[in-house]
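Enquirer: Mind looking at a prediction? Sequence and model below.
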Amino acid sequence: ATPMAVAVATGRGARAGLFIREASALERMDRLGTIVFDKTGTLTEGRPSLVATHALPGWDEAGLVALIAAAEASSEHPLARAFAGKANGRPVADFRAIRGRGVSAAVDGRKVLVGSRALLMEQGVDVAALDPIADAWEAEAKTVLCAAVDGRAAGAAALADRLKPHAREVVATLRSQGADVVLLTGDNPATARAVASELGLPADRVIAGVLPDAKAATIESIRNDPKQKGVAMVGDGLNDAPALAAADVGIALGTGADLAKAAADVVVASGDLRAVPQALKLGRETLKAIR
Ligand code: ADP
Ligand code: MG
């Protein structure tokens, strides 16, 4: 694009709240076939709240919540914030974050593991007693955290995160313009499919259970499909920097990590999802202006 067309687009973007860090991205925006969205904090508000608990025999719900809260006290994950202030002063040692899976810690001297069902199973915990409730919550689009104490399942908690305003409408707009919209998440497939259904997105457009480090590889593999036009990645910044960098166009929503902003071509500080179709429109107009 000519410097003039780019300057015009950059100025118009800025007025719409889009900070275009990489002008060459404007041209790539015209060639996008797939738009991949991160779930938590991107399509959802990223502020999950605790909506239900289920304690297995030997545990009461308040004790279970305090235990989970204590294990999560040092976690920086958005899921952990749902338990803020609920630990009732229990002593915690040996905190460890298990990226994309959960946390472990010693609470009151007992080994506590909190995270996805997959994490507990990996660590040899028998979670069969939690399966029915976890299945039901997942079908309701809730994120399920399971807890184990000293290697035995203790209970589970359901967290709900609201869709951002305009999420459904933005997905519909992009699809009506011919884009293949994909939901990419570390959350489990059943929850991800339920969220997709709330968004009006078919279940086959969901890629779930992807560990943080594998998100960039997922973007690469879509890019390497010869039938594929360009790929945009839209993320909130948390853990998303490598995926944003791997995409043809990386769009960071929100005031998230500086690292993600540095990896993104476009930064939308407001987090407003409508900025995504606006950015694509700007790209099309920039190219039209120079043709
Ligand atoms: P997303 O792709 O939605 O941003 P992550 O990759 O960060 O999600 O996490 C994937 C899954 O790992 C979560 O849905 C949850 O089951 C589990 N998990 C991650 N961090 C934590 C944590 N601090 N406590 C409990 N579970 C966690
Ligand atoms: Mg995220």
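Expert: Ah, there it is. Ligands and ions are numbered 1, 2, ... in the order given.
Enquirer: secondary structure class for the residue in the stretch 1-150 of the chain that ligand 2 sits nearest to?
Expert: Nearest to ligand 2, among the residues of the stretch 1-150 of the chain, is residue 40, at 4.1 Å (Cβ to the ion). Every C-beta, even on glycine, is put in place using the N, C-alpha and C of the backbone. With DSSP: H, G, I helix; E, B strand; the rest coil as the basis, residue 40 sits in helix.
Enquirer: Distance-wise, check the closest residue to it other than its chain neighbours relative to ligand 1.
Expert: For residue 40, ignoring the flanking residues on the chain, the nearest one in space by Cβ to Cβ, 6 or more residues apart in numbering is residue 46 at 5.5 Å. Plainly put, residue 46 is 8 Å away from ligand 1 if you go by Cβ to the nearest ligand atom, to the nearest Å.
Enquirer: Spit out the contact partners of residue 46.
Expert: For residue 46, the contacting residues are 40, 78, 161, 236, 238, 254, by Cβ atoms under 8 Å, 6 or more residues apart in numbering.
Enquirer: who are the neighbours in contact with the last one?
Expert: Residues counted as contacts of residue 254 (Cβ under 8 Å, 6+ apart) are 41, 42, 46, 236, 237, 268, 269, 270, 271.
Enquirer: and if we set it to 6 Å?
Expert: 236, 271 (Cβ atoms under 6 Å, 6 or more residues apart in numbering).
Enquirer: Tell me the pLDDT of it.
Expert: Predicted confidence (pLDDT) for residue 254: 81.
Enquirer: Return the alpha-carbon coordinates of the helix or strand harbouring residue 131 using PDB.
Expert: Assigned by DSSP states H and E, residue 131 falls within helix 131-139. This file holds the C-alpha atoms of helix 131-139, laid out as PDB (Å, rounded to 0.1, in the frame of the first residue of the first chain):
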ATOM      1  CA  ASP A 131     -18.000 -37.700  35.900                       C
ATOM      2  CA  PRO A 132     -21.900 -37.300  36.000                       C
ATOM      3  CA  ILE A 133     -21.800 -33.800  37.500                       C
ATOM      4  CA  ALA A 134     -18.800 -32.700  35.400                       C
ATOM      5  CA  ASP A 135     -20.600 -33.900  32.200                       C
ATOM      6  CA  ALA A 136     -23.700 -32.000  33.200                       C
ATOM      7  CA  TRP A 137     -21.900 -28.700  33.900                       C
ATOM      8  CA  GLU A 138     -19.800 -28.900  30.800                       C
ATOM      9  CA  ALA A 139     -23.000 -29.300  28.700                       C
END
